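> Need coordinates for the below:
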Amino acid sequence: MRAEYLPSVKKQFEYYKALGDKTFLQLPDDALFWQYNEECNSIAMIVQHLWGNMRSRWIDFLTTDGEKEWRNREEEFEPLVKEKQELLAKWQEGWQCLFHALDNLTEDDLSKIIYIRNEGHTVIEAINRQLAHYPYHIGQIVYLGKMICNTDWKSLSIPKGESKKYNEDKFSKPRQTRHFTDQYLNNEEK
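As a prediction, this is how the structure comes out:
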């Protein structure tokens, strides 16, 4: 099971990154910066937060606390980024930090203790913590995208009203042994 853990979590992270990527493709540039009200985050603010968190957590993952002294979390929720290209560059940079760290971990690293805000976590616990945190925010991004696009939204899962047809198609085929994310990441089907 330990040998399968790292490839499995990497696929999970790739899947959630793809949900964000596919949302960005559906949105006009200005929609990334729209806020429902002053208390709500725009997609840009959520991306800034993910970028800050990913850099802080994954740079020097095994050797330094995951809450870096140079991180300014409060600033992540301010409307700092104004251009789509800069925002998408931050999105990519954050994910690159994460995937670089995961690619450099070994099975032996999984039981090591690392720290986040001076609290000990096994590497597995720290990864699982982020695997719960990032999809939470990516769900917010997708939800905002769906609100903004309204009837122009292209579903990232089973479209509304098509569950029965989708299930009939799935159950008409032999059982699949590959990971569910393989199909999604290769744009085969949802």
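> and R129, how many residues sit next to it?
14 (other CB atoms under 10 Å). (Glycine included, C-beta is placed from N, CA and C.)
> swap in Y15?
Neighbours of Y15 (other CB under 10 Å): 17.
> Which residue ranges of this protein form strands?
Secondary structure of the chain, counting by DSSP state E: strands at 113-116, 119-122.
> Please identify the deepest-packed of the ones you listed.
Mean neighbour count (mean count of other CB atoms under 10 Å) peaks for strand 113-116 among the strands of the chain, with a mean of 15.
> buried set for the longest helix seen in the chain?
Using DSSP state H, we find that the single longest helix of the chain is helix 123-149. In terms of neighbour count (16 or more other CB atoms under 10 Å), helix 123-149 has its buried residues at 123-124, 126-127, 130, 134-135, 137-138, 140-142, 144-146, 148.
> next one: stretch 41-60
Buried-residue list, stretch 41-60, by 16+ other CB under 10 Å: 41-59.
> Pull the distance from it to the chain's centre.
Centroid separation for stretch 41-60 versus its chain: 10 Å, with CA atoms, centre = their mean, to the nearest Å.
> Output the lowest mean pLDDT helix or strand found in the chain.
Lowest on mean pLDDT, DSSP states H and E among the helices and strands of the chain sits helix 180-185, with a mean of 71.
> Surely F33 is in contact with K82?
Yes - counting by CB atoms under 8 Å, F33 touches K82, with 7.1 Å between them.
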